[in-house]
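Visitor: sequence and predicted structure below; questions after.
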Amino acid sequence: MWIFLQQKLFQKVKKETEIKRPILKNAARAFLVGGLICLLGQAILEILKLYLEKEMANAVMVTIMVFLGALLTCLGVYDKIGQFAGCGTIIPITGFANSMASAAIESKSEGVFLGIILNMFKLAGSVIVVGVLSAFVFGTLRYFIGI
Amino acid sequence: MKIGKQSAVLKNVYLGETAVVTGPKEKNGPLGRHFDKTYDKLHCNAKSWEKAEMQLLRDAIEICLEKNGLEESDVDYFIGGDLNNQLVIGNYVLREYKLPYLGVFGACSTANESIIVGASLLEAKFGRKVLVGTSSHNATSERQFRYPTEYGGQKPESLTFTVTAAGVALLQDEPTPIKVSGFTAGKVIDADFKDPLDMGRAMAPAAFDTIKQHFEDFRVGPEAYDLIVTGDLSYYGREMVVQLFKEIKIDFSEKYKDCGLLIYDRDNQEVFAGGSGCGCAAAVTFGYLTSLLKEGHYKKILVVATGALLNAVITAQKESIPGIAHAVVLERVIP
């Protein structure tokens, strides 16, 4: 009986002290920073297109963005921007680079094989799994519906 | 001697000299000058985060022995623990010492659990001098419980920041200015919190339960203490404890503090809700509160170290997070 009453009290106060996340503020920041990263990517792409074919320019732009993401991670800056921007820095490909680079730095102490190689895709792996899976689903849909 | 349901009164347990070693953020916090040794870099001149935490604990043991004027062989037991899997920090540091070692785990309440076990050994006259010590390191906890340190995920305001510190204290049967005069061992309390990034509130019900039980067992109220301090509930957890006591018409918010709020300056240091970790309660109690007791600012305080009993696997299975809290009474006596 007492446990039941106590649990009721806990649930009541838990609800009263609920911490609200600033969703609007977070969304605005994510939009702003995420947009800026995309703008940078687009600018690099436009410049590259002056010198390279379109497909090649695309690949080189992505490489540059991944490099920038990894570099800022190694310099200890990316997590600070991420704290401000939230999803704005996770969703672009620089976020993918960050998740790989940060996992690699973290597991350096366990050596090359058991550390870096084994753990590098610990976080980024989920992106690849979801990517492959959704490619399969949408590829199949496209085959049957024939868009 | 047992008193009430979960408590005991201690007759012969005194707190000797203590030692606290911390990282840079704690050094730059409001209590920085109270710590015995501090490191300017989170790496503490070690090659890995785990070795850095070992260095903190090793330093704290050395300094504690030195301050007490003791040799290793004078000590009967070392009791302590940390947050790393299988208590590796304590286990690996203690292999360098010839000290009988009991590793205990109470998550961030380990400091008080160690005191309870150590005090019981002294009270039973199974030894005369016991070292108790715990440690935590921001980076070892982050990588074990959360994400790599450089990962760019956004941390919510409810997050508590793991303290980088080790605290070691001597318990003995010879009188000193500070007496460990009683304790209340806590129960595991689960109020169905599921967010591991909101641990302060997850532990608050356990703190509430232990403090309430303590008052009942000792037949006292908050007026018996000059200060009641919880281990690492930080801002939101503390608010919840205050609110819980308001519901049963007890208010001691004026003399109620939290170690996680004392060790950092929340407004100017990026620590979100405040500090947490085994080292939090240990550093604040052994580094700061004991000196306030010695200087006579307080006569009797209740230290309630709190712990969230989770690991990363079990929370991923959508289990809720149980909490625990152990209370220890520290009293100023004239030896």
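Guide: Happy to help now that I have it. Numbering: from 1, shown residues only, chains lettered A, B, ... in the order given.

Visitor: show me where the stretch 151-300 of chain B has its strands.
Guide: B:161-162, B:165-172, B:178-184, B:227-230, B:256-258, B:275-276, B:300-308 (DSSP state E, counting those that start in this stretch).

Visitor: close to chain A, is the longest one?
Guide: Translated: strand B:300-308. No - with Cβ under 8 Å from any Cβ of the partner chain as the criterion, chain A is not reached by strand B:300-308; the gap is at least 14.7 Å. (Glycine included, C-beta is placed from N, CA and C.)

Visitor: ok now that strand, how far from the chain's centre?
Guide: Mean-position distance between strand B:300-308 and its chain equals 7 Å (Cα atoms, centre = their mean, to the nearest Å).

Visitor: before we move on, the earlier item: just send the strands of the stretch 151-300 of chain B back as TSV, with mean neighbour count and mean pLDDT too.
Guide: Below are the strands of the stretch 151-300 of chain B laid out as TSV (neighbours: other Cβ atoms under 10 Å in any protein chain shown; pLDDT from 0 to 100):
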stretch	mean neighbour count	mean pLDDT
strand B:161-162	26	96
strand B:165-172	31	98
strand B:178-184	24	97
strand B:227-230	24	98
strand B:256-258	22	97
strand B:275-276	36	96
strand B:300-308	28	97
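
Visitor: switch the ones you listed over to JSON lines; also include distance to residue B:54.
Guide: Output for those, formatted as JSON lines (distance: least, Cβ to Cβ, whole Å):
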{"stretch": "strand B:161-162", "distance to residue B:54": "16"}
{"stretch": "strand B:165-172", "distance to residue B:54": "9"}
{"stretch": "strand B:178-184", "distance to residue B:54": "27"}
{"stretch": "strand B:227-230", "distance to residue B:54": "27"}
{"stretch": "strand B:256-258", "distance to residue B:54": "27"}
{"stretch": "strand B:275-276", "distance to residue B:54": "20"}
{"stretch": "strand B:300-308", "distance to residue B:54": "21"}
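
Visitor: up against chain B, what does chain A have?
Guide: Residues of chain A lying near chain B (Cβ under 8 Å from any Cβ): A:6-7, A:9-14, A:16-17, A:19, A:21, A:26, A:73-74, A:76, A:78-79, A:81-83, A:85-87, A:89-90, A:95, A:98-99, A:101-103, A:105-107, A:109, A:123.

Visitor: report how many residues lie close to the closest residue to residue B:29 other than its chain neighbours.
Guide: Closest residue in space to residue B:29, ignoring its immediate chain neighbours: residue B:264 at 4.7 Å, by Cβ to Cβ, 6 or more residues apart in numbering or on different chains. Neighbour count of residue B:264, defined by other Cβ atoms under 10 Å in any protein chain shown: 26.

Visitor: are any of the residues of chain A next to chain B buried, and which?
Guide: The neighbour-count test (16 or more other Cβ atoms under 10 Å in any protein chain shown) marks A:6, A:9-10, A:13-14, A:17, A:26, A:73, A:78-79, A:81-83, A:85-87, A:89-90, A:95, A:98-99, A:101-103, A:105-107, A:123 as buried among the residues of chain A next to chain B.

Visitor: report the distance from stretch B:162-177 to the chain centre.
Guide: 10 Å.

Visitor: restrict that stretch to CA atoms and write it as CSV.
Guide: The C-alpha coordinates for stretch B:162-177 follow below in CSV (Å, rounded to 0.1, in the frame of the first residue of the first chain):
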residue,chain,number,x,y,z
THR,B,162,30.5,13.8,-14.9
VAL,B,163,33.0,15.2,-12.5
THR,B,164,36.7,14.4,-13.0
ALA,B,165,37.9,13.8,-9.5
ALA,B,166,39.1,11.2,-7.0
GLY,B,167,38.5,11.5,-3.3
VAL,B,168,40.1,9.4,-0.6
ALA,B,169,39.5,9.6,3.2
LEU,B,170,40.7,7.9,6.2
LEU,B,171,38.3,6.4,8.7
GLN,B,172,39.7,5.5,12.1
ASP,B,173,38.7,4.5,15.6
GLU,B,174,40.9,7.3,17.2
PRO,B,175,39.1,10.5,17.8
THR,B,176,39.5,13.4,15.3
PRO,B,177,37.4,16.6,15.0
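
Visitor: that stretch vs chain A: in contact?
Guide: No - for stretch B:162-177, no contact with chain A is found by Cβ under 8 Å from any Cβ; the gap never falls below 15.0 Å.

Visitor: cool, and stretch B:272-291?
Guide: No - with Cβ under 8 Å from any Cβ as the criterion, chain A is not reached by stretch B:272-291; the gap is at least 8.7 Å.

Visitor: against chain A, how distant is the residue nearest to residue B:29?
Guide: Residue B:264 sits 16 Å away from chain A, taking Cβ to the nearest Cβ, to the nearest Å as the criterion.

Visitor: surely that residue and residue B:24 touch.
Guide: No - at 11.9 Å, residue B:264 and residue B:24 do not qualify as touching, with contact defined as Cβ atoms under 8 Å.

Visitor: close to chain A: what parts of the stretch 101-250 of chain B are there?
Guide: Counting by Cβ under 8 Å from any Cβ, the stretch 101-250 of chain B sits next to chain A at B:143, B:147-158, B:191-193, B:198, B:201, B:205, B:209, B:236, B:239-240, B:243-244, B:247-248.
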